[in-house]
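Enquirer: Compute the structure for the input listed below.
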Amino acid sequence: MIAAKGRAMTLRDRVEYYYEGDSYAAHRFRYALLAFDLVTILFLIVSSFLHWEGTEYLDAAIGIVLALDFLARLWTSEHKVRHLFSPLGLVDLVVIASLLAPLAGEGVAFLRVARLLRLGRSYLIMRRLKKDFPFIRRNEQTFTASINLGVFMFIMTAIVYETQHVINSKIENYADALYFTVTALTTTGFGDIVLEGTWGHLIASVIMIAGVTLFLRLVQVMLRPPKVDHKCPACGLRRHDHDAVHCKACGIVLNIEDDGYV
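Expert: Here you go, the predicted model:
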């Protein structure tokens, strides 16, 4: 909780204020973190494909920044153990470890794209993005489904590369692994690249089953008529037309916030 009025703010209060506050300065701070995440993810993905030389120092610098961000979140959390071992907390630890311990393998470095999970799961960031950007507000489910599909695709690419590049001559780099992942999850299956061994077959099965599910979910939300998320105070129905005045289920007046979108 933010420090109460009449009491001097401690360093912990100030850190919590920037991470959880509702002021203009706090929103600017979180947008700066969001921009840093996006630029970092783009760099990490590109560098994983191109294998640039001398990036270990930049990796370490990024890792230190992310580690400080993680420690700040942990410090201000009221449930530190729960935060540490939450799915997002474990994702952050994997990302930080892959940056600070490059000897763990370059395939692990590709898992840094899992940082995208925080962008789609952070309630404060999503709430502010929906408030500031009408496009995201109108297409929240498409935005979330795209992030889920992208994270799954790149994580499976890392797994395919790490388990196959030694035993499979058809997979020599990340581009080959990504190509197989995309063709498998879209069920295109050209057949020019096939995973070898029992584990390869299991990985391909996971990509096809889980990937197709995520892909179809994205297609579904893109083709479905646009709706707005607004819980009806009477019956609980959440999905309504943007211009709805009354709930279709119970008829109560909804008072949905409207920005003039038609």
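
Enquirer: What's the local residue count around Glu140?
Expert: As a burial measure, Glu140 scores 17 neighbours (other Cβ atoms under 10 Å). Where you see a C-beta, it was placed from the backbone N, CA and C, and this is true even at glycine.

Enquirer: so where does the closest residue to it other than its chain neighbours fall, helix or strand?
Expert: Excluding its sequence neighbours, the residue lying closest to Glu140 (Cβ to Cβ, 6 or more residues apart in numbering) is Lys130, at 6.3 Å. Using DSSP states H and E, Lys130 maps to helix 123-132.

Enquirer: Can you show me the CA trace of the very next helix or strand once past that helix as PDB?
Expert: Next helix or strand after helix 123-132 toward the C-terminus (DSSP H and E): helix 134-138. C-alpha atoms of helix 134-138 as PDB (Å, rounded to 0.1, in the frame of the first residue of the first chain):
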ATOM      1  CA  PRO A 134      -8.900   3.000 -27.900                       C
ATOM      2  CA  PHE A 135      -7.600   0.400 -30.400                       C
ATOM      3  CA  ILE A 136      -6.300  -1.900 -27.600                       C
ATOM      4  CA  ARG A 137      -9.500  -1.300 -25.600                       C
ATOM      5  CA  ARG A 138     -11.600  -2.400 -28.500                       C
END
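
Enquirer: residues of helix 134-138 that come out buried?
Expert: For helix 134-138, burial by neighbour count (16 or more other Cβ atoms under 10 Å) applies to Ile136, Arg137, Arg138.

Enquirer: What is that helix packed up against?
Expert: helix 123-132 (3 or more Cβ pairs under 8 Å, 6 or more residues apart in numbering; DSSP states H and E).

Enquirer: Just the mean pLDDT for the helix it packs on, thanks.
Expert: Averaging pLDDT along helix 123-132 yields 65.

Enquirer: And for stretch 148-157?
Expert: So the average pLDDT for stretch 148-157 ends up being 82.

Enquirer: Would you indicate which residues of that stretch are buried?
Expert: Residues of stretch 148-157 classed as buried under the neighbour-count rule (16+ other Cβ under 10 Å) are Asn148, Leu149, Gly150, Val151, Phe152, Met153, Phe154, Ile155, Met156, Thr157.

Enquirer: Narrow the residues you listed to those in helices?
Expert: Among those, DSSP state H puts Asn148, Leu149, Gly150, Val151, Phe152, Met153, Phe154, Ile155, Met156, Thr157 in helices.
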